[in-house]
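Participant: please find the sequence and the predicted model below.
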Amino acid sequence: MSREPRAAADLRLDPQYVQRRLKAAGLRARHNLSQNFLADVDVLEGILQEADPGPDRAVLEIGPGLGFLTGGLLAAGAAVTAVELDRGLVAQLRETFAAALAEERLRIVEGDALDQDLVHLCPPPYDVVANLPYHITSPILHRLLGREPRAQRLVLMVQREVAERIAAAPGGLSYLSVFVQYHAKARVAFRVGRDSFEPAPKVESAVLVLEPYPPDDRLDAAAEDNLWRLVQAGFRERRKMLHNVLTRQLPIDGERVDAALAACGIDRNRRPQTVAVGEWLALAEALGPIPGGPGE
């Protein structure tokens with residue numbers, strides 16, 4: 001029997017309810033797909049508040065699961081495209097949201113999100129809302145941020161440690177931090193405890209909000225490729241001194257590296273995790289094309 005979309009406030013959501021829904025549908029959480037279903041209505045409402053879906057707003061939802069968040073988005077009037085890998089969950093979603101499907105307010109894409117052309121599934125402007133399986137967070141972020149048309153806002157449930165690393169200040173940066181912060185303003189909206197899921201994961205989660213910058217704030221393709229070659233080289237030895245790392249990891253002599261660092265006012269003895277996005281951009285420009293790359 002189909003059910004109309006319900007706002008989060010109308011749900012009596014807890015782990016027992018999730019268990020009953022799964023059992024009624026003949027389903028179970030699949031460990032090999034990293035399935036942990038949200039079972040906390042307060043967290044659900046927090047995600048919806050951050051997403052702020054409006055009438056007819058296009059929203060790409062990755063990993064809708066049992067459809068609790070899907071229902072909230074539809075109840076707010078959003079037009080949702082949901083990508084779900086689990087065939088059993090797809091059948092459950094089609095039954096639950098038969099009316100929304102018939103009215104073309106919901107489209108379900110069955111398949112692996114990593115196999116989809118994600119940035120072209122929704123007509124722009126669009127937003128992304130996702131409870132990401134932790135093991136695909138990085139590749140999904142690269143697919144969503146690395147190409148146009150990018151979403152205007154991304155509200156993502158990810159592992160807490162990853163969320164905090166992505167939004168970190170210089171001193172705690174990683175390659176993923178630099179990549180994301182180059183493309184978007186990042187902040188951790190709130191943390192989510194293990195008991196907010198059924199089954200409970202082994203780690204805490206957090207809701208990460210990304211607001212991508214306009215296209216004209218980015219480098220051209222060749223310059224971006226050069227930048228990522230530089231940043232990747234730096235983070236291969238993230239706790240070593242920057243001068244030593246770059247001269248070992250890049251086909252550039254030490255004098256050229258030192259000259260570029262000095263031109264940018266970056267101490268040669270700093271560690272890569274202390275270098276802010278703007279400093280990486282300045283260093284890439286000062287170094288110029290890296291030998292062996294397409295921008296050489």
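Facilitator: That came through fine.
Participant: so which residue of the chain lies furthest out from the middle?
Facilitator: Glu255 (38.3 Å; CA atoms, centre = their mean).
Participant: how about the strands in the chain?
Facilitator: Along the chain, counting by DSSP state E, strands occupy 37-38, 58-62, 79-84, 106-110, 126-131, 153-159, 184-192, 197-198, 205-212.
Participant: buried ones in the fourth one?
Facilitator: It stands for strand 106-110. Across strand 106-110, burial judged by 16 or more other CB atoms under 10 Å covers 106, 108-109. From N, CA and C alone the C-beta is placed, and that goes for glycine too.
Participant: what residues sit buried inside stretch 53-61?
Facilitator: Going by 16+ other CB under 10 Å, stretch 53-61 has these buried residues: 53, 57-61.
Participant: ok, stretch 151-163 next?
Facilitator: Using 16+ other CB under 10 Å as the test for burial, stretch 151-163 gives 151, 153-160, 162-163.
Participant: quick one: which of those is nearest Ala76?
Facilitator: Val155 (13.0 Å; CB to CB).
Participant: and the closest one, bridged to which residues?
Facilitator: In this entry, Val155 is beta-bridged to Val129, Val209, by DSSP bridges.
Participant: that one reaches Val207, doesn't it?
Facilitator: Yes. At 6.4 Å, Val155 and Val207 qualify as touching, with contact defined as CB atoms under 8 Å.
Participant: what sits in contact with each of those two?
Facilitator: Listed as contacting both Val155 and Val207 by CB atoms under 8 Å, 6 or more residues apart in numbering are 47, 50, 189.
Participant: mind listing what the nearest residue to Ala282 once chain neighbours are set aside touches?
Facilitator: Nearest-residue entry for Ala282: Cys264, 4.4 Å, with adjacent residues in sequence omitted and distances by CB to CB, 6 or more residues apart in numbering. Cys264 makes contact with 279, 282-283, 286 under the criterion CB under 8 Å, 6+ apart.
Participant: can you tell me which of the residues you listed has the most neighbours?
Facilitator: Each of these was scored by neighbour count (other CB atoms under 10 Å); the top score is that of Leu283, with 22 neighbours.
Participant: what average pLDDT does the longest helix belonging to the chain get?
Facilitator: For the chain, the helix reaching the highest residue count under DSSP state H is reported as helix 221-235. In this model, helix 221-235 has a mean pLDDT of 96.
Participant: any residues touching that helix, and which ones?
Facilitator: Contacts with helix 221-235, where a contact means CB under 8 Å, 6+ apart, come from 174-175, 178-179, 182, 218-219, 242, 245-246, 249-250, 272-273, 275, 280-281, 283-284, 287, 289-290, 293-295.
Participant: among these, which ones are buried?
Facilitator: In the contacts of helix 221-235, burial by neighbour count holds for 174-175, 178-179, 182, 218, 242, 245-246, 249-250, 272-273, 275, 280-281, 283-284, 287, 290, 295, counting by 16+ other CB under 10 Å.
Participant: mind listing what's buried in the helix or strand of the chain with the lowest mean pLDDT?
Facilitator: Of the helices and strands making up the chain, the lowest-confidence element is helix 15-24, at a mean of 88, by mean pLDDT, DSSP states H and E. Buried residues in helix 15-24, defined by neighbour count with 16+ other CB under 10 Å: 15, 17-19, 21-22.
Participant: which single one of these is nearest to Arg194?
Facilitator: So of the buried residues of helix 15-24, ranked by how close each gets to Arg194 (CB to CB), first place is Pro15, at 11.0 Å.
Participant: mind pulling up the pLDDT for Glu4?
Facilitator: According to the model's per-residue confidence, Glu4 sits at a pLDDT of 52.
Participant: I'd guessed Phe197 sits against Gln35; true?
Facilitator: No. Between Phe197 and Gln35 there is no contact under CB under 8 Å: 9.5 Å.
Participant: next one: the residue lying closest to His135 once chain neighbours are set aside from Ala186, what distance?
Facilitator: With CB to CB, 6+ apart as the criterion, His135 has its nearest non-adjacent residue at 5.9 Å, and that residue is Ser34. In this structure, Ser34 and Ala186 are 22 Å apart, going by CB to CB, to the nearest Å.
Participant: more neighbours, those two?
Facilitator: Comparing Ser34 with Ala186 by neighbour count (other CB under 10 Å), the higher total belongs to Ala186, at 17 against 14.
Participant: got the domain boundaries for this protein?
Facilitator: Per automatic domain parsing, the domain ranges recorded for the chain read 8-217, 221-287.
Participant: can you list the weak-confidence ranges in the stretch 1-150 of the chain?
Facilitator: Judged by pLDDT under 70, the stretch 1-150 of the chain has its weakly predicted residues at 1-11.
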